[in-house]
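Peer 1: here is a sequence together with a model predicted from it:
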Amino acid sequence: TGGATTIFKNTTQFAQFNYSETFETGTNVQAWMNSNNNFTNNSFDIFNPYISSTLNFQVTQPLLRNGWLFANRAPLLIARRNLQQSRANFAAEVNTNVLQAVGQYWSVVEARGNLEVARSSMDAAEATYKRDKRALELGALPPLDIYRSESQVASRRVQVIQSEYALKQAEDTLRMTIGADQDPYFEALDLELTEKPEPEGELRTMDTGDALQRALTKRPEFDAAHAALANDQTRIRLAHNHLLPELDLTGLYASNGLGGTQFNGTGQKITSSSVNQLFGFNYPTYYAQLSLSLPLKNRAAKAEMGNALVSRRSDLYNERQIREQVTLDVSNAVHQLEQAKLSIAAGKESLDLAKKTMAAEQRKYDLGSETIFFVLEAQTELASAQLGLLQAEVNYQLAVADLDHATGELLEPYHVQITELAH
């Protein structure tokens, strides 16, 4: 006898949909649905084709490690404080850069003042030389005495040249700081200095204790240090959490459905739907599970804890160093301010006396009771007094800027604002 060989073919189609989300409490919620569509050419299968479906809901709640709000909010808190720390560091950098620009501005003011004094002194020396030269031509002055006034003219001309190039260097430095050297048009423009070195109104007074309290409140370096210490504390707590054992509570509920085409004993075709059974929840499966995992050696968590402790100690020393440096900055700024105020008073008195001396020596020389030496010496002393007062006034302006920088208030007078980042 002989017969044909029958080849059976099975076809399976699979579909799956998943949803998963973890909340701030560490709770993980999952939902998924599976569907299998099976078809075969075997006529002996009672159910053909048939579809089996499963709908699952699962909730997992960590009870120790990575559980509840703190463990899951900690990375976000650390990231926010890192942003605050970066902003504070940027504010401190801007504060320092503004102080540098202010210092270079007053360097230009002082250089221009030095040039004016040098030119005025040279003009006075030239006037004296012309007077002596005229006296020499008339025979009223010995020939050898003309060299003293002539040498003073040459010496003061050298001072003018040096002052001119010192001014050019100071202006170039200021242009580079404010970015005016980036464009040839702006670089060619003259600098217009609107603020004068002479203090306006009453001279500023600041108590060291009051200045220190302002600095502790407003210096951005403290904000950065406090944010770093807060992050260290958060990392330590998070490392403690990671050292805990894993204790998870899991609950699952599943609904099952089976549908397709089948034939009963009489050969009648019966069709059923797996979807109706699936969402009818007539064939459920559910369980609850409490799992505990005890790691023997959690070296990663221990290393995390060690790094957090070392970072906190380092940041504590850094915060102490910042406090000591700010205290020193405030103390130095207050002392420089008091010194500048006293120097201005002494400089004004010295300039007044130098003017009187100059007038007296010139009067004596005109009457013939003094030589030209005393007049030239008086001119030199007058120029020195003018430079001394100018330097004292510039030092006062720098001392005010240093005090504002030390107390964290330098940006306010110049209307510099640091805006928040747009999200």
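Peer 2: On my side now, so go ahead. Quick caveat: nothing in here was measured; it's all calculated off a predicted structure.
Peer 1: check the gap between N28 and Q182 for me.
Peer 2: 55 Å (Cβ to Cβ, to the nearest Å). Every residue, glycine included, has its C-beta placed from N, CA and C.
Peer 1: more neighbours: those two, which one.
Peer 2: Between N28 and Q182, N28 has the larger neighbour count (other Cβ atoms under 10 Å), namely 17 against 10.
Peer 1: could you point out which element follows whichever helix or strand L216 is part of?
Peer 2: Secondary structure assigned from DSSP states H and E places L216 in helix 208-218. On the C-terminal side of helix 208-218, the closest following helix or strand by DSSP H and E is helix 220-243.
Peer 1: which other helices and strands contact that following helix?
Peer 2: Judged by 3 or more Cβ pairs under 8 Å, 6 or more residues apart in numbering; DSSP states H and E, helix 220-243 is in contact with helix 68-137, helix 299-367.
Peer 1: okay if I get these as JSON lines plus mean pLDDT and mean neighbour count?
Peer 2: Supplementary listing: these in JSON lines, determined by pLDDT from 0 to 100; neighbours: other Cβ atoms under 10 Å:
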{"stretch": "helix 68-137", "mean pLDDT": "88", "mean neighbour count": "17"}
{"stretch": "helix 299-367", "mean pLDDT": "91", "mean neighbour count": "16"}
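Peer 1: among these, which is nearest E200?
Peer 2: Within those, the stretch nearest E200 is helix 299-367; the backing value is 12.7 Å (Cβ to Cβ).
Peer 1: tell me what angle the next helix or strand after the closest one forms with helix 208-218.
Peer 2: Next in sequence after helix 299-367, counting helices and strands by DSSP H and E, comes helix 372-407. Between helix 372-407 and helix 208-218, the angle comes out at 50 degrees (axes from the mean of the first three to the mean of the last three Cα atoms, to 10 degrees).
Peer 1: 593 is where my numbering starts, stick with that
Peer 2: Sure, I'll start counting at 593 from here, so that last one is helix 964-999.
Peer 1: related to what we said a few turns ago, tell me the mean pLDDT for the helix holding L808?
Peer 2: Per-residue pLDDT values over helix 800-810 give a mean of 90.
Peer 1: in this structure, which strand is the longest?
Peer 2: When every strand of the chain is counted residue by residue (DSSP state E), the longest turns out to be strand 838-855.
Peer 1: packing partners of it?
Peer 2: With contacts defined as 3+ Cβ pairs under 8 Å, 6+ apart, the packing partners of strand 838-855 are strand 639-654, strand 861-864, helix 866-872, strand 876-885.
Peer 1: got the buried residues for the last one?
Peer 2: Just to be clear, that refers to strand 876-885. Judged by neighbour count (16 or more other Cβ atoms under 10 Å), strand 876-885 contains no buried residues.
Peer 1: paired strands for that strand, with orientation please.
Peer 2: Sheet partners assigned to strand 876-885 using DSSP bridges are listed as strand 838-855 (antiparallel).
Peer 1: which residues are in contact with the most centrally placed residue in the chain?
Peer 2: Nearest to the mean C-alpha position of the chain, by Cα atoms, centre = their mean, lies F682 at 1.4 Å. The neighbours of F682, taking Cβ atoms under 8 Å, 6 or more residues apart in numbering as the test, are I1010.
Peer 1: what's the distance between it and E1001?
Peer 2: Here the distance between F682 and E1001 works out to 17 Å (Cβ to Cβ).
Peer 1: ok, Y777 next?
Peer 2: The spacing between Y777 and E1001, counted by Cβ to Cβ, is 35 Å.
Peer 1: so what's A831 up against?
Peer 2: So A831 contacts 893, 896-897, 900 (Cβ under 8 Å, 6+ apart).
Peer 1: how about these in TSV, adding distance to A807?
Peer 2: Formatted as TSV, the entries for the contacts of A831 read as follows, by distance: Cβ to Cβ, whole Å:
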residue	distance to A807
A893	40
E896	35
M897	35
A900	29
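Peer 1: thank you kindly, that will do.
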